[in-house]
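Undergrad: no sequence for this one, just the structure:
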């Protein structure tokens, strides 16, 4: 992420509205690309269904299939995403670029193997037709690769290439979907195929970028597995964060506002559509975090830590720490303020904007939208604080905060089912507040004891952190070598 901030600083150094807009656009796509693409495609599909007068049941089943596939893929990849990001950072720091590409393919193979079995079993019993199941399964595999590629692409400075792959994917999916519906082909199959083609374009483009940037080698594809043992809190933090963000959607599918669309496909349209749009508002902080905190905070952070390595005096270290913490507080405050103001503006204007969209909003959906806008806005602030904990390598703190978030979201959402349906969404909102408060308390505790954590917590001797995942990596590497002979 520091590399991203360094490059964005160059972009923001250029004056003009267009240059600023370009930098914000690059930051949005790089940091939220696959999920932003998924949301835009779902909205685009809803619009196409409205334009071509697709029946309600068909529309709901299609949205369920795409949503299930998105959530299944992000759940599988969430366990690996933070670990592989750490692995890439370590390899680049050690100037071992040749170790990156094998890890990409190794981690992709593992996620595809695990995910395909689990999601494949679900699809077999889901009630989907054979063609629908094949299309959902194909989309799932593409999403796994795209999620993983974005973790590795954070090291690449080809922002224009990443941005163009994103725009091309959206355009191809929507235009192809409209064309197939115009030909009066089966709706579900046509739009699933269109979305698969769109993500396929992004997948191929991103993989080409990776192969263009990182050298081709025959190093072990499963060496990165040792990083899971060494940084297991990172893996668990990613998984818990995903549970905290999306588990309330799944619980709502089985509430009294949920419906059985077809077979094992359940949904809660009155809640899902507002949640989808509300989630978009959280992207405001994600982008501003990278642009503001990364660009302005990182130089202070780097200067402070370099003094420990470059024989800085105690006075210099104290002064650098004071400047770093001061900059951090300022950037966090203004980034949080921007999110809150943006959320307030969306809520104030939401009634007018929602009427312009062909989504069939009613008063209950508007209420859910307002509640979830606040919830996702507060979540975004908590997520920003959690990312700063990771910046300071407080992996224990990140694990605690994300575990609390996951437990609170599940527990409070289940508790909300005991009340009237008009209060649905408040479980996630309160969980997000708890998450933000816990993150703020942990960050304050950690930064007040920063010299202790830098100098006194590190192990005196090298630790062997190999375990189950390391042994699995060695086993897979041996099997791979046997197949080559």
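TA: That came through, no problem. Keep in mind that this is a model prediction, so the values were computed, not measured.

Undergrad: pLDDT weak spots in this protein?
TA: Within the chain, the stretches with pLDDT under 70 are 1-38, 154-162, 290-295, 351, 355-360, 457-465, 481-485.

Undergrad: can you pull out the strands in it?
TA: With DSSP state E as the criterion, the chain has strands at 259-262, 265-267.

Undergrad: from residue 424, how far out is residue 56?
TA: 21 Å (C-beta to C-beta, to the nearest Å). Quick note: C-beta positions are derived from backbone N, CA and C, even for glycine.

Undergrad: which of these two has more neighbours?
TA: residue 424 (26 against 10; other C-beta atoms under 10 Å).

Undergrad: correct me, but the more buried one touches residue 416?
TA: Yes. When contacts are counted by C-beta atoms under 8 Å, residue 424 is listed as touching residue 416 (5.8 Å).

Undergrad: longest helix of this protein?
TA: The residue-count maximum for a helix in the chain (DSSP state H) belongs to helix 314-356.

Undergrad: residues in contact with residue 304?
TA: 317, 320, 321, 323, 324 (C-beta atoms under 8 Å, 6 or more residues apart in numbering).

Undergrad: buried subset of the residues you listed as a PyMOL selection?
TA: Listed next is the PyMOL selection for buried residues among those, using 16 or more other C-beta atoms under 10 Å:
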select buried, resi 317+320+321+324
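
Undergrad: among the contacts of residue 304, which one lies nearest to residue 71?
TA: residue 324 (37.6 Å; C-beta to C-beta).

Undergrad: so that closest one touches residue 298, yeah?
TA: No. Here residue 324 does not reach residue 298: they are 9.8 Å apart, not a contact under C-beta under 8 Å.

Undergrad: contacting residues for residue 108?
TA: 144, 145, 148.

Undergrad: test my guess that the first one contacts residue 110.
TA: No. Between residue 144 and residue 110 there is no contact under C-beta under 8 Å: 9.9 Å.

Undergrad: how close does residue 453 get to residue 394?
TA: 7 Å.

Undergrad: which of those two has more neighbours?
TA: For residue 453 versus residue 394, neighbours defined as other C-beta under 10 Å are more numerous around residue 394 (23 against 15).

Undergrad: name all residues that make contact with the nearest residue to that one once chain neighbours are set aside.
TA: Nearest residue to residue 394 in three dimensions, chain neighbours excluded: residue 446, at 5.1 Å (C-beta to C-beta, 6 or more residues apart in numbering). Contact analysis of residue 446 by C-beta under 8 Å, 6+ apart lists 389, 392, 394, 397, 453.

Undergrad: dump the residues you listed to a markdown table, plus distance to residue 127.
TA: Converted to a markdown table, those look like this (distance: C-beta to C-beta, whole Å):
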| residue | distance to residue 127 |
| --- | --- |
| 389 | 43 |
| 392 | 48 |
| 394 | 45 |
| 397 | 43 |
| 453 | 52 |
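
Undergrad: just those now: which is nearest residue 328?
TA: residue 392 (9.7 Å).

Undergrad: and residue 305, how many residues sit next to it?
TA: 17.

Undergrad: quick one, what contacts it?
TA: Residue 305 touches residue 454, counting by C-beta under 8 Å, 6+ apart.

Undergrad: how close does it get to residue 320?
TA: Counting by C-beta to C-beta, the gap from residue 305 to residue 320 is 9 Å.

Undergrad: other residues contacting stretch 447-459?
TA: Taking C-beta under 8 Å, 6+ apart as the rule, stretch 447-459 contacts 305, 308, 317, 321, 325, 328, 392, 394, 446.

Undergrad: report the two of these separated the most.
TA: Among the contacts of stretch 447-459, 317 and 394 lie farthest apart (C-beta to C-beta), at 19.0 Å.

Undergrad: about what we covered before: out of the contacts of residue 304, who's nearest residue 133?
TA: Of these, the one sitting nearest to residue 133 (C-beta to C-beta) turns out to be residue 324, at 52.5 Å.

Undergrad: just give the nearest non-adjacent residue to that closest one, would you?
TA: residue 300 is the one closest to residue 324 (C-beta to C-beta, 6+ apart), at 4.1 Å.

Undergrad: surely the one you found meets residue 323?
TA: Yes. With contact defined as C-beta under 8 Å, residue 300 counts as touching residue 323 (5.5 Å).

Undergrad: ok, residue 64 - contacts?
TA: 261, 262, 265, 266, 267.

Undergrad: where's the residue lying closest to the third one once chain neighbours are set aside relative to residue 424, distance?
TA: Okay, so that is residue 265. In this structure, residue 265 finds its nearest non-sequential neighbour in residue 64, 4.2 Å apart by C-beta to C-beta, 6+ apart. Relative to residue 424, residue 64 is positioned 18 Å away (C-beta to C-beta).

Undergrad: equivalent analysis for residue 91, please.
TA: 45 Å.

Undergrad: repeat for residue 47
TA: Residue 47 is 26 Å from residue 424, by C-beta to C-beta.

Undergrad: now swap in residue 321 and tell me
TA: 45 Å.

Undergrad: residue 193 now?
TA: 34 Å.

Undergrad: swap in residue 130?
TA: Taken as C-beta to C-beta, the span from residue 130 to residue 424 is 36 Å.

Undergrad: can you check residue 449 too?
TA: Distance from residue 449 to residue 424, by C-beta to C-beta: 40 Å.

Undergrad: picking that back up, tell me the one of the contacts of residue 64 nearest residue 39?
TA: residue 267 (16.1 Å).

Undergrad: dump the residue contacts of the closest one.
TA: Counted by C-beta under 8 Å, 6+ apart, residue 267 has contacts 60, 63, 64, 67, 253, 258, 259, 261.

Undergrad: the fifth one: neighbour count?
TA: Using other C-beta under 10 Å, the number of residues around residue 253 comes to 20.

Undergrad: equivalent analysis for the second one, please.
TA: Close neighbours of residue 63, defined as other C-beta under 10 Å, add up to 22.
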